[in-house]
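Engineer: next comes the sequence, and after it the predicted model I'd like to discuss.
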Amino acid sequence: SQKIEQNSEALNIQEGKTATLTCNYTNYSPAYLQWYRQDPGRGPVFLLLIRENEKEKRKERLKVTFDTTLKQSLFHITASQPADSATYLCVFGNGGGSYIPTFGRGTSLIVHP
Amino acid sequence: GAVVSQHPSRVICKSGTSVKIECRSLDFQATTMFWYRQFPKQSLMLMATSNEGSKATYEQGVEKDKFLINHASLTLSTLTVTSAHPEDSSFYICSAKNRDRGEKLFFGSGTQLSVL
């Protein structure tokens, strides 16, 4: 069955460092991947989308890579800040008319001042 | 940006009662709505997908008679938890999609349901 995996343990880093979160998938060839941020008790908020023919996408301090050979996406936050502390979710889609978004469990990021 | 409003944000009810959760897209037409439930520190679990004007498609294991979904218009979808029991206590989130806005999902703020 299709499976999407994210680091289950929380990632603790020091303010100013780069945070790197991993999303791996199996038994699927997604046309694109999306990353969302979720704060406690809130709905997720869209951050970035990267397509299968794109290697890298950037937005301000955020960077996403997509390696279809490794079946992996990496999500980077540079110059991290305590306000970046949240749970980050990856989700893939097939790009077709029938779109059923499948979410990973999410990785909790904690940025220490 | 697109806004999805979800109400109520929190509800406490007695076992056996029904609870309705509303999800509205405020500034765009939601051609597709998704309903999720989420347990603490767990992923979003898709419950059902609904397209405007048609019946919802439920995921395996989700009781359609217990979780009634109505998507009567392009801006409103409702989830009714019928005869709620304590095991239905969870965080319920809706998300909306519009084909003109691509694959991006716009989420409501969620509803924390507690059944006593």
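Structural biologist: Perfect, I can see it now. Numbering: from 1, shown residues only, chains lettered A, B, ... in the order given.
Engineer: give me the neighbour count for whichever residue of chain A sits closest to chain B.
Structural biologist: Nearest residue of chain A to chain B (Cβ to the nearest Cβ) works out as A:G43 at 3.3 Å. The way it works is simple: take the backbone N, C-alpha and C, and place the C-beta from them, glycine included. Neighbourhood size, A:G43 [other Cβ atoms under 10 Å in any protein chain shown]: 23.
Engineer: got the residue ranges for the strands in chain B?
Structural biologist: Using DSSP state E, the strands of chain B run over B:4-7, B:10-13, B:19-25, B:32-38, B:45-51, B:57-58, B:67-73, B:76-81, B:90-97, B:106-107, B:111-115.
Engineer: check chain A too.
Structural biologist: Under DSSP E, chain A gives strands at A:3-6, A:11-14, A:19-26, A:32-38, A:45-51, A:56-59, A:62-67, A:72-77, A:86-93, A:102-103, A:107-112.
Engineer: export stretch B:23-34 to PDB, keeping only CA atoms.
Structural biologist: This file holds the C-alpha atoms of stretch B:23-34, laid out as PDB (Å, rounded to 0.1, in the frame of the first residue of the first chain):
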ATOM      1  CA  CYS B  23     -17.100  24.500   7.100                       C
ATOM      2  CA  ARG B  24     -17.400  27.500   4.800                       C
ATOM      3  CA  SER B  25     -15.100  28.800   2.100                       C
ATOM      4  CA  LEU B  26     -15.300  32.600   2.400                       C
ATOM      5  CA  ASP B  27     -13.800  33.900  -0.700                       C
ATOM      6  CA  PHE B  28     -13.700  31.100  -3.200                       C
ATOM      7  CA  GLN B  29     -15.700  28.200  -4.500                       C
ATOM      8  CA  ALA B  30     -14.800  24.900  -2.900                       C
ATOM      9  CA  THR B  31     -15.300  22.400  -5.600                       C
ATOM     10  CA  THR B  32     -14.100  19.700  -3.300                       C
ATOM     11  CA  MET B  33     -14.100  19.400   0.500                       C
ATOM     12  CA  PHE B  34     -12.200  16.900   2.600                       C
END
